[in-house]
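Peer 1: starting from these lines, generate the structure:
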Amino acid sequence: MQGQNRKDIYPGLEVGIILKKDQRNGNVTYGIVKDLLTSSTFHSRGIKVRLEDGQVGRVCEIVEEN
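Peer 2: A predicted model of the protein is given here:
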């Protein structure tokens, strides 16, 4: 799982997150990071972020840039 270290995530980064309502089924929502909501440097389930469209969830994937 990517997205557990705060230093790897920053505003403007494209990520995949799991919303609270999707924790059981594992559906991933993609978007651009607006704010980092987790203040600790590491979180085992993923750093919590707010996307530019307002959705909040934990990062499960960082989309690779080519």
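Peer 1: point out where this protein drops to low pLDDT.
Peer 2: Low-confidence segments of the chain (pLDDT under 70): 1, 65-66.
Peer 1: can you pull out the strands in it?
Peer 2: For the chain, the strands defined by DSSP state E cover 14-19, 29-36, 48-51, 56-62.
Peer 1: using JSON lines, lay out those together with mean neighbour count and distance to Gly3.
Peer 2: Bear in mind the C-beta positions are built from the backbone N, C-alpha and C, glycine included. Output for the strands of the chain, formatted as JSON lines (neighbours: other Cβ atoms under 10 Å; distance: least, Cβ to Cβ, whole Å):
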{"stretch": "strand 14-19", "mean neighbour count": "19", "distance to Gly3": "7"}
{"stretch": "strand 29-36", "mean neighbour count": "15", "distance to Gly3": "10"}
{"stretch": "strand 48-51", "mean neighbour count": "20", "distance to Gly3": "9"}
{"stretch": "strand 56-62", "mean neighbour count": "19", "distance to Gly3": "3"}
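Peer 1: tabulate those strands (JSON lines), appending distance to Arg6.
Peer 2: Formatted as JSON lines, the strands of the chain follow (distance: least, Cβ to Cβ, whole Å):
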{"stretch": "strand 14-19", "distance to Arg6": "13"}
{"stretch": "strand 29-36", "distance to Arg6": "7"}
{"stretch": "strand 48-51", "distance to Arg6": "10"}
{"stretch": "strand 56-62", "distance to Arg6": "10"}
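Peer 1: do you know which of those lies nearest Asp8?
Peer 2: strand 56-62 (6.6 Å; Cβ to Cβ).
Peer 1: using CSV, list the CA coordinates for that closest one.
Peer 2: Taking C-alpha atoms only, strand 56-62 is exported to CSV below (Å, rounded to 0.1, in the frame of the first residue of the first chain):
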residue,chain,number,x,y,z
VAL,A,56,-12.3,13.0,2.0
GLY,A,57,-10.6,9.6,2.4
ARG,A,58,-7.4,7.7,3.0
VAL,A,59,-4.7,7.4,0.3
CYS,A,60,-4.3,3.9,-1.0
GLU,A,61,-2.5,4.6,-4.2
ILE,A,62,-0.3,7.3,-5.7
